[in-house]
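Novice: kindly generate the corresponding structure for this input.
(chains A, B and C)
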Amino acid sequence: MRKSSFFLCSLAVEVVVLGLLLTHASFHREAMREGIEEKAAMVRSLGLTDLCLFTDARYTRNLSQADLFSAFQDNPLSLDHFPSGSFTTPPIWIMRRR
Amino acid sequence: MDYETQMRSPIERQRGIIDFTLSSLMRRKVKNVGLLCLYALIVFILASAIFFTSSIKKEASLILRGTPEIIVQKMAAGRHDLFPLRDMEAVKNVRGVAAVEGRLWGYYFDDRLGANYTLIVPPAARSSAEPSEARPLFWFNAAALEPGTIVIGEGVARVGKLSKGDSIAFTAYDGSTIDLKVADTLSSKSELVSSDLILIGEEDFRKLFDIGKDYATDITVEVKNPREIPTVASKITRVLPDTRPIVRDEILRTYDSIFNWRGGMMIVILSAAILAFVIFAWDKASGLSAEERQEIGILKAVGWETSDVILMKFWEGAIVSLTAYFAGVILAYVHVFLTGSLIFEPALKGWSVLYPHFSLTPFISAEQLITLFFLTVVPYTIATIVPTWRAAIIDPDAAMRQTGE
Amino acid sequence: MIELINVKKVFNAGRPSEFTALGGISLNIEDRKVTVLKGPSGSGKTTLLCIIGCMSRPTAGRVRLDGREISGLPERFLTDIRRKGFGFIFQVPNLIRGMSVLENVMLPAYPLGEPHARLKERAIRGLNDFHVSTKATSKVEWLSGGEAQRVAIVRALINDPDVIIADEPTAHLDTHLSYLFMEIVENFKKEGKTVIIASHDPLVCESRIVDSVINMRDGRIEGESS
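Specialist: Next comes the predicted model:
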């Protein structure tokens, strides 16, 4: 097989696979809409404020409810030792109201 | 020479040059395949991060639309404190407020398992006010939550190996043990919001933590006209200066800026990727080896134009970066949406014992793919071509020169 | 017919290292003949070949190819003339290492966009003519000196040029291979190609198939003999 044919074919295969995945994404989005509605309904009826992403500390469990000090875990010498704390940013209103 | 005039085809020209470029790349198979793999890995990490964060953000924005319009926290000595229910009257009297309700919720640390649970008393009024919202999938009924029973999230059930009918022994404020029976579990579909939840009756909650009848954790405020939310919030701070209102819009924006690029891990991932790319580009841009120069000389001597040489170098960059780009993006999709971000999981889990299992909804857009393309393929290809420019315009007689007189 | 009128070539003009390689050459090279440029190292043979073969442009003077002036043309046109009209045989084969013989032979034709199958067929036929077709898929570094040169010749012929330019073609060949090379040149002549060789090898200069020998020294023509 000619080398350029091999390259163009493999590139075409990659593009097709990506296309299939994008199709998968759009179908999947449809399929998951019900789940999203369910979650939204739960948020409404329970009055929830946050996603359950990190359960290790209260300032990461309820990101939007955290206060300025919880990031220090009540001790100014305790630097953030939860890995999840380094993924996220503090609630936006803390930064603004300061 | 009729074949030239008849059969010349621009596509054949490109293919011929691709043939040559591939042969040229295959000469240093180990180096170039290694380069390709490293490159694909960088694209994979970047794409995974983009897919993961943007899907979470998008999903958060959809799910959290139903969050309370205003939450008012009581502050004491700079920390959250219980909200005295007698203050609710003052909030109710603020103009524009439709309804005020106390929320009871808190955290419970399970000593035995080392897991953190979130305990919530379901607001009875609201669930009965909107009966259509109570979908069978996450069935719970505030009225059915009799004293002594709880409804647990899927994550709690998993960590504690609990199912309907089992009971959890909670240690109350005074050291006594309170056994609560699992009446039901919340659906696994809702884990993104409910994994660590324990729905508990008001009586039990107050008994467990010794919270008096006239206190709540915080209060939620419903506003008559959603446009007045900020005004109402600032009025509340004026009436009750020791409280802090958090409005819905701020919650949504908090999640919009979560996983910001300035977040610690993000900057580590990004800088590692950028550094690796700079090393590539440096390797390319720091000039051509003597061998490469000589080859370009030969190509020019046998009749290649400057533009042919540049086209060849363009394909050299494009072949590597296009292949790596698509491979990286495909793998990232599989990683994030089909394997549940397997590689990110240890970092995301952190120290938490209770880690929610959720499958993300694939919110990916052409915009993300194009951004990624311009971050990776374009600079790499340019970095490949630029140093060639100088070499490609050398006179073709250089090939004669190095050998002849 | 290739005409050179008072062609000069100066390297590094205006710098202390300025060097005049050709100091005013006027010369006519006839079609379908074998012409040898003879002279010691540094006499300007290679520079002259480069100018004739459209590889470089003269500093002054004019070059005409079949009556058409080519010395002032931009690079693109020169390249086009060069790759269709001229085939080059270098002192060393100048093959691209790490690639197969076949790929090396097809190399000059890639940018022309000829259908691949046809090009490959012609390349194999060319390799056949020079008895190296068995090596078509071998890498060029596995070839012997004589094989490598024949492959280089096949490559020079792939675009079917009218003029063959050879720079010291026998410098790295033994006597036997040199004679073989001259036989190849004779065949070129029979096929009606113009051959221009730069060499100071007596075996080339005194060959019976050579039509004219141009003696060069210090960038000038000393004399012409036929």
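
Novice: at the contact with chain C, which residues of chain A appear?
Specialist: Within reach of chain C by Cβ under 8 Å from any Cβ of the partner chain, chain A has these residues: A:Arg2. Using the backbone N, CA and C atoms, a C-beta is placed for each residue, glycine as well.

Novice: and chain A, what are its domains?
Specialist: Here the domain parsing of chain A from automatic domain parsing is A:3-46, A:58-97.

Novice: confidence-wise, which of the ones you listed is weakest overall?
Specialist: Note on the domains of chain A: domain A:58-97 shows the lowest mean pLDDT, a mean of 66.

Novice: put the alpha carbons of the lengthiest helix in chain C into CSV.
Specialist: For chain C, the longest helix by residue count, based on DSSP state H, is helix C:175-190. The C-alpha coordinates for helix C:175-190 follow below in CSV (Å, rounded to 0.1, in the frame of the first residue of the first chain):
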residue,chain,number,x,y,z
THR,C,175,38.6,2.2,-14.4
HIS,C,176,36.1,-0.6,-15.3
LEU,C,177,33.1,1.4,-13.9
SER,C,178,34.4,4.5,-15.6
TYR,C,179,34.4,2.8,-19.0
LEU,C,180,30.9,1.5,-18.2
PHE,C,181,29.9,5.1,-17.5
MET,C,182,31.2,6.3,-20.8
GLU,C,183,29.2,3.6,-22.5
ILE,C,184,26.1,5.0,-20.9
VAL,C,185,27.1,8.4,-22.1
GLU,C,186,27.4,7.0,-25.6
ASN,C,187,23.9,5.7,-25.4
PHE,C,188,22.7,9.1,-24.3
LYS,C,189,24.2,10.5,-27.4
LYS,C,190,22.6,7.9,-29.5
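
Novice: following the chain past that helix, name the next helix or strand.
Specialist: Sequence-wise, the next helix or strand downstream of helix C:175-190 (DSSP states H and E) is strand C:194-198.

Novice: coming back round to it: just put the domains of chain A in CSV and tack on distance to chain B and mean neighbour count.
Specialist: Output for the domains of chain A, formatted as CSV (distance: least, Cβ to the nearest Cβ, whole Å; neighbours: other Cβ atoms under 10 Å in any protein chain shown):
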stretch, distance to chain B, mean neighbour count
domain A:3-46, 3, 16
domain A:58-97, 3, 17
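
Novice: of these, which approaches C:Gly14 most closely?
Specialist: domain A:3-46 (45.7 Å; Cβ to Cβ).

Novice: now do the contacts for the residue lying closest to B:Ile251 once chain neighbours are set aside.
Specialist: Distances taken as Cβ to Cβ, 6 or more residues apart in numbering or on different chains put A:Ser64 closest to B:Ile251, at 4.2 Å, once the chain neighbours are dropped. For A:Ser64, the contacting residues are A:49-50, A:91, B:246, B:250-251, B:254-255, by Cβ atoms under 8 Å, 6 or more residues apart in numbering or on different chains.

Novice: need the residue closest to the centroid of the chain.
Specialist: Assuming you mean chain A. Per Cα atoms, centre = their mean, the C-alpha nearest to the average position across chain A is that of A:Leu53, at 7.8 Å.

Novice: please refer instead to chain C.
Specialist: Geometric centre of chain C, nearest residue: C:Ile165, 2.0 Å, by Cα atoms, centre = their mean.

Novice: roughly how far does that one sit from chain B?
Specialist: 9 Å (Cβ to the nearest Cβ, to the nearest Å).

Novice: that residue contacts C:Lys193, doesn't it?
Specialist: No: with contact defined as Cβ atoms under 8 Å, C:Ile165 does not count as touching C:Lys193 (10.7 Å).

Novice: part of a strand, is the residue nearest to B:Ile251?
Specialist: No: using DSSP: H, G, I helix; E, B strand; the rest coil, the secondary structure at A:Ser64 is helix, not a strand.

Novice: now do B:Ser127, the pLDDT please.
Specialist: At B:Ser127, the model reports a pLDDT of 43.

Novice: follow-up on the earlier one: mind checking what secondary structure the residue nearest to the centre of chain A has?
Specialist: coil.

Novice: now the strand or helix carrying C:Cys50 against strand C:194-198, angle please.
Specialist: Using DSSP H and E, C:Cys50 maps to helix C:45-52. Here helix C:45-52 runs at an angle of 150 degrees relative to strand C:194-198 (axes from the mean of the first three to the mean of the last three Cα atoms, to 10 degrees).

Novice: packing partners of the longest helix of chain C?
Specialist: strand C:34-38, helix C:145-157, strand C:163-167, strand C:194-198, helix C:202-205 (3 or more Cβ pairs under 8 Å, 6 or more residues apart in numbering or on different chains; DSSP states H and E).

Novice: ok, and what's touching it?
Specialist: By Cβ under 8 Å, 6+ apart, the list of residues contacting helix C:175-190 from outside reads C:32-34, C:130, C:145-146, C:149, C:153, C:164, C:166, C:169-170, C:173, C:195, C:197, C:201, C:203-204, C:207, C:209.

Novice: cutoff 10 Å now
Specialist: If you take Cβ atoms under 10 Å, 6 or more residues apart in numbering or on different chains as the criterion, helix C:175-190 is touched by C:32-34, C:36, C:87, C:89, C:129-130, C:144-147, C:149-150, C:153, C:157, C:163-164, C:166, C:169-174, C:193-195, C:197, C:199, C:201, C:203-204, C:207-211.

Novice: just the buried positions in that helix, please.
Specialist: Across helix C:175-190, burial judged by 16 or more other Cβ atoms under 10 Å in any protein chain shown covers C:177-178, C:180-182, C:184-186, C:188-189.

Novice: now the helices: where do they sit in chain A?
Specialist: A:3-31, A:33-46, A:58-61, A:92-97.

Novice: returning to that earlier point: so the residue nearest to the centre of chain C versus C:Thr194, what's the distance?
Specialist: 9 Å (Cβ to Cβ, to the nearest Å).

Novice: what is in contact with those two at once?
Specialist: Residues touching both C:Ile165 and C:Thr194 by Cβ under 10 Å, 6+ apart: C:Phe86.

Novice: so which residue of the stretch 51-200 of chain B comes closest to chain A?
Specialist: B:Gly66 (3.3 Å; Cβ to the nearest Cβ).

Novice: right, and that residue touches A:Ala40 too?
Specialist: Yes: when contacts are counted by Cβ atoms under 10 Å, B:Gly66 is listed as touching A:Ala40 (5.1 Å).

Novice: re the thing from before, of the domains of chain A, which approaches C:Met55 most closely?
Specialist: Shortest distance between C:Met55 and those, using Cβ to Cβ, is found for domain A:3-46: 28.6 Å.

Novice: and the closest one, how far out from the chain's middle?
Specialist: 16 Å (Cα atoms, centre = their mean, to the nearest Å).

Novice: count of residues packed around the residue of chain C at minimum distance from chain A?
Specialist: Chain A sits closest to C:His116 of chain C, with a gap of 6.4 Å, by Cβ to the nearest Cβ. Residue neighbour count, defined by other Cβ atoms under 10 Å in any protein chain shown, stands at 18 for C:His116.

Novice: got it, and C:His131?
Specialist: Close neighbours of C:His131, defined as other Cβ under 10 Å, add up to 10.

Novice: with B:Ile246 instead?
Specialist: Using other Cβ under 10 Å, B:Ile246 has 21 other residues around it.

Novice: tell me which residues in whichever helix in chain B runs longest are buried?
Specialist: Ranked by number of residues, the top helix in chain B under DSSP H is helix B:29-63. By neighbour count with 16+ other Cβ under 10 Å, helix B:29-63 contains the buried residues B:32, B:35-36, B:39-60, B:62-63.

Novice: the residues you listed also near chain A: which ones?
Specialist: For chain A, the contacts drawn from those by Cβ under 10 Å from any Cβ of the partner chain are B:51, B:53, B:55-56, B:58-60, B:62-63.

Novice: out of these, who's nearest B:Thr21?
Specialist: B:Phe51 (31.2 Å).

Novice: residues contacting the residue of the stretch 51-200 of chain B closest to chain A?
Specialist: Per Cβ under 10 Å, 6+ apart, neighbours of B:Gly66: A:39-48, B:133, B:248.
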